[in-house]
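K.L.:
pasting the structure only:
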């Protein structure tokens, strides 16, 4: 039983939700018993998706017309005027597996695969995906399930391969604003001769992801052909992973996690490792900052996550080395794409006033990556990394990579600023990294590249009343004002202890 | 910081999701940093909601215009041309409580109230509500939380009150197709003189809710004034609860549960009791069918739910009596609004061939309700109920109620039918009530009133090869064909045991 309508593009962007728009008085709606929020199978040529029906009571659609959200439009590869065929969808097996997970059952490899296949094919709605993400949160996935989820996410996307036998990578579990070591590490280890084709994500809940920051300095939305060419030439790149369909399920799940503002450990492991495996890396260093307001709050959670990451890596044939780092305060001075990019360049150029914490953090991690090489003895990595950075080779390499990616860019400056001053004399006691990240986001980061926060003090430092603690940067007046109202309402983000 | 746009109605129905449509190149989107799927605070006059942004790349909206989904339009009481003001929403406290529940924490009364207030006000998106529903499923709400959820659901809606001191009600936890006892019970107990202002829901996952079935016989979408008048006159009514804003949160949560096809015990208790309490009843009989394919599968789950219902009732000052009934096969013969309505009339009219199981079931429950009265001794209820039914008084009362609700209606007949025949001689061994319900839904029930299934055999009965087991009714050819393809693909819904 097939019924057809002609497509008219309305250009409605619903993000990752496949929506079909039909007239409320459409004969097919009535004869098929479709009503608002029904799920409908939509077929165009060889391709088929399941879309949520939104009915329209308006003349923007004629009687024989329907429209699709941009996401559905892209999934089906549609063109204006194309004929689509509509049918009732069969009950989805994957949805019964989601239900099974809601009821705390352990899923099989096949069941998890079925869910992820349907997520990627747009057959599950945001309601379904949110339920799946929630049902998997808070330790409800076991080791098997995490490995199967990771594998399913790799298998439902593209997979890259490289000529080199040893392909290294680095990932930070995040939560520490300004921790932008990747461009520095890639520059160092590719200078040494290792292959590090880095694909990074955009921010999930932070004011900037590596891709957001790198985009300030050079194009990051590269196609596969370009990436291959750059890696063959320079040994590495710093590209946005989303442009090459690596683990496409991850982007969809992350969108829902972002809306909920959660990061569950199982999904975190699957997210990290699926991207790495799909990107063709086989040796990965994972930077895990631990601190009271970082993403990983305590050693217990850190150890659990470390075990899951290493265990899942072993099951799936990728060597994972987790490095715990201190996560008590932001790394570097800037928070937000442009301000972080400025810090990165300062370290690469070995400027005198470069933030030493960012430099040291990058050298520790680069050293660990270098030790994957048979040419580097255990314990010698950091020294070699330091030599490469101080020699200027890393800075040269970084410029070469930017050039290969499309040319180095000028760092933009913000239009509006506000200086936040110390209210008393004293010593800087603590900083709430989670709330400073929220503040940077409210100021417009990462969508507004120049928006964010520039910190002028660090832990333990003596400050005087009236001294600037940090500068807020924004590209729109509305965002600056909104960030300021959050700043006024909340408790002090930086705690100062008086001398007496 | 406030920015305004003029409203243009596009009439897009997104069910319970508040969506704002803005041009992608709208200056406010750009200056405020709004992007697709941002959440935006929309204010019109005194009212404020949070809506999800869908951007439109099309000339259907002019530069100074925005549109809202019908749900948001209604929440704000909007008119074409109204000026709306837009702002970034503050982080929602309720969302942090949803997150807390995802991480398996026990919520406080205030936290649950905050979530439900925001659900009703349209401040939480479907992603958030789905996460909340999932996080509460599978036994993750304790007794306190269930009582607080129930209370919050009552308090965020309208509350009815009645002149009578004793206000009785009845509810079935569902899962048993055709179990349409309510119209019969209301007719009997109001004949006796009790007050039973019955507000029923439409179907959640079943082929017909009481409201769907009753609507075949008389109008059920009544305003409060009308209901009050009918109850004062007849002692009772059989109306749709959704029309009077009783526990509006329930309808929103149920919509998400329906999309997920789950019923969790905590939400089930809150859903049932919040509607009853809001409807002003203080004594409730709950019919709980138990069977291998009913909603309640075994005695363990039934006992748990009974405890939660009675315990929550006691905390909130409503007397709850749970009656376990057998749930091995559908009750009556029809499944679907019109076919069930036919069975109900047949019992009320005391016709000779009326389905005896439906009659007996209704009498047991009516008897239990009657025993709430101080005039009825324990154990005598069923006898009194039987006398009232057999005397014709219940049938007279039902006609009077239908008349008061707007007039009795003719039962519609379906356009398309298909007879499903026995493939061999033998004895009817079992029937999958869950799958027969799915079949009735695929045939179009409850949206198509005449659609559904008419069963011609019951458990234990001898059948001959070629005899009709059931007739499938449909109002559209597409739905009939779709139901038939499900029937062909699935195992036999009715198991026949051969004689040898």
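P.N.:
Yep, it's here. No experiment lies behind these values; they were computed from the predicted model shown.
K.L.:
what's the burial count for residue A:85?
P.N.:
Residues contacting residue A:85 under the criterion other C-beta atoms under 10 Å in any protein chain shown number 15. In this view, the C-beta of every residue, glycine as well, is placed from N, C-alpha and C.
K.L.:
what separates it from residue A:56, distance-wise?
P.N.:
20 Å (C-beta to C-beta, to the nearest Å).
K.L.:
Repeat that for residue A:149.
P.N.:
Applying C-beta to C-beta to residue A:149 and residue A:56 gives a distance of 37 Å.
K.L.:
Who has more neighbours out of these two?
P.N.:
Set side by side, residue A:149 and residue A:56 show more neighbours around residue A:149, with 28 against 22, by other C-beta under 10 Å.
K.L.:
burial measure for the closest residue to the more buried one other than its chain neighbours, as a count.
P.N.:
In space, residue A:149 comes closest to residue A:270 once its chain neighbours are excluded; the distance is 4.3 Å by C-beta to C-beta, 6 or more residues apart in numbering or on different chains. For residue A:270, the count of nearby residues is 31 (other C-beta under 10 Å).
K.L.:
secondary structure class for residue A:270?
P.N.:
helix (DSSP: H, G, I helix; E, B strand; the rest coil).
K.L.:
close enough to count as contact, it and residue A:154?
P.N.:
No: using C-beta atoms under 8 Å, residue A:270 is not in contact with residue A:154; the gap is 9.3 Å.
K.L.:
on that earlier part again, report the contact partners of the residue nearest to residue A:149.
P.N.:
A:146, A:149, A:150, A:153, A:250, A:312 (C-beta atoms under 8 Å, 6 or more residues apart in numbering or on different chains).
K.L.:
mind checking the SS state of the fourth one?
P.N.:
Same thing as residue A:153. With three-state DSSP as the criterion, residue A:153 reads helix.
K.L.:
Neighbours of it, how many?
P.N.:
Counted with other C-beta under 10 Å, the neighbours of residue A:153 add up to 29.
K.L.:
Distance check, it against residue A:344.
P.N.:
In terms of C-beta to C-beta, residue A:153 sits 29 Å off from residue A:344.
K.L.:
Chain B versus the residue nearest to residue A:149, what's the distance?
P.N.:
17 Å (C-beta to the nearest C-beta, to the nearest Å).
K.L.:
repeat for residue A:112
P.N.:
17 Å.
K.L.:
thought that residue was touching residue A:100?
P.N.:
No: in this structure residue A:112 lies outside contact range of residue A:100 using C-beta under 8 Å: 10.7 Å.
K.L.:
And those two? Which one has more around it.
P.N.:
Neighbour totals were compared for residue A:112 and residue A:100, and residue A:112 leads with 27 against 16 (other C-beta under 10 Å).
K.L.:
I'd like to check which residues are in contact with the more buried one.
P.N.:
Remark: with contacts taken as C-beta under 8 Å, 6+ apart, residue A:112 is in contact with A:97, A:145, A:148, A:149, A:152.
K.L.:
How about it: what's its closest non-neighbour residue?
P.N.:
residue A:148 (4.5 Å).
K.L.:
Where does that neighbour fall, secondary structure wise?
P.N.:
Using DSSP states H and E, residue A:148 maps to helix A:143-155.
K.L.:
Just name whatever secondary elements that helix is in contact with.
P.N.:
helix A:109-120, helix A:248-260, helix A:265-278, helix A:299-315 (3 or more C-beta pairs under 8 Å, 6 or more residues apart in numbering or on different chains; DSSP states H and E).
K.L.:
At the contact with chain B, which residues of the stretch 101-250 of chain A appear?
P.N.:
By C-beta under 8 Å from any C-beta of the partner chain, the part of the stretch 101-250 of chain A that sits against chain B consists of A:102-104, A:125-128, A:130-131, A:133-135, A:137-138.
K.L.:
Nearest to residue B:496, out of these: which one, please.
P.N.:
residue A:103 (32.0 Å; C-beta to C-beta).
K.L.:
where does that closest one land on pLDDT?
P.N.:
Note for residue A:103: predicted pLDDT of 92.
K.L.:
who are the neighbours in contact with it?
P.N.:
Residue A:103 touches B:137, B:138, counting by C-beta under 8 Å, 6+ apart.
K.L.:
if you set the cut-off to 7 Å instead, what comes out?
P.N.:
residue B:138 (C-beta atoms under 7 Å, 6 or more residues apart in numbering or on different chains).
K.L.:
re the thing from before, now the residues of the stretch 101-250 of chain A next to chain B in JSON lines, with secondary structure?
P.N.:
Shown next, in JSON lines, are these (three-state DSSP):
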{"residue": "A:102", "secondary structure": "helix"}
{"residue": "A:103", "secondary structure": "coil"}
{"residue": "A:104", "secondary structure": "coil"}
{"residue": "A:125", "secondary structure": "coil"}
{"residue": "A:126", "secondary structure": "helix"}
{"residue": "A:127", "secondary structure": "helix"}
{"residue": "A:128", "secondary structure": "helix"}
{"residue": "A:130", "secondary structure": "helix"}
{"residue": "A:131", "secondary structure": "helix"}
{"residue": "A:133", "secondary structure": "helix"}
{"residue": "A:134", "secondary structure": "helix"}
{"residue": "A:135", "secondary structure": "helix"}
{"residue": "A:137", "secondary structure": "coil"}
{"residue": "A:138", "secondary structure": "coil"}
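K.L.:
List only buried entries from these.
P.N.:
A:102, A:125, A:126, A:127, A:128, A:130, A:131, A:133, A:134, A:135, A:137, A:138 (16 or more other C-beta atoms under 10 Å in any protein chain shown).
K.L.:
In this structure the third one contacts residue A:256, no?
P.N.:
Translated: residue A:126. Yes: using C-beta atoms under 7 Å, residue A:126 is in contact with residue A:256, at 6.5 Å.
K.L.:
any common contacting residues for those two?
P.N.:
With C-beta under 7 Å, 6+ apart, residue A:126 and residue A:256 have common neighbours residue B:127.
K.L.:
So residue A:243 sits against residue A:225, correct?
P.N.:
No: Residue A:243 lies out of contact with residue A:225 (C-beta under 7 Å); the separation is 11.7 Å.
K.L.:
And those two? Which one has more around it.
P.N.:
residue A:243 (16 against 8).
K.L.:
So what's the residue count around the nearest residue to that one once chain neighbours are set aside?
P.N.:
What sits nearest to residue A:243 in space, not counting adjacent residues and going by C-beta to C-beta, 6+ apart, is residue A:221, at 4.7 Å. When counting by other C-beta under 10 Å, one arrives at 14 neighbours for residue A:221.
K.L.:
Show the pLDDT at residue A:221.
P.N.:
On the pLDDT scale, residue A:221 gets 93.
K.L.:
which SSE is it in?
P.N.:
With DSSP H and E as the test, residue A:221 turns up in no helix or strand.
K.L.:
That one and residue A:170, how far apart?
P.N.:
To residue A:170, residue A:221 is 21 Å away according to C-beta to C-beta.
K.L.:
before we move on, what about residue A:457?
P.N.:
29 Å.
K.L.:
again, but for residue A:415
P.N.:
34 Å.
K.L.:
Check residue A:3 too.
P.N.:
Distance from residue A:3 to residue A:170, counting by C-beta to C-beta: 52 Å.
K.L.:
higher neighbour count, these two?
P.N.:
residue A:170 (27 against 15).
K.L.:
how about that one, secondary structure?
P.N.:
strand.
K.L.:
Burial check on residue A:466, number of neighbours?
P.N.:
Neighbours of residue A:466 (other C-beta under 10 Å): 10.
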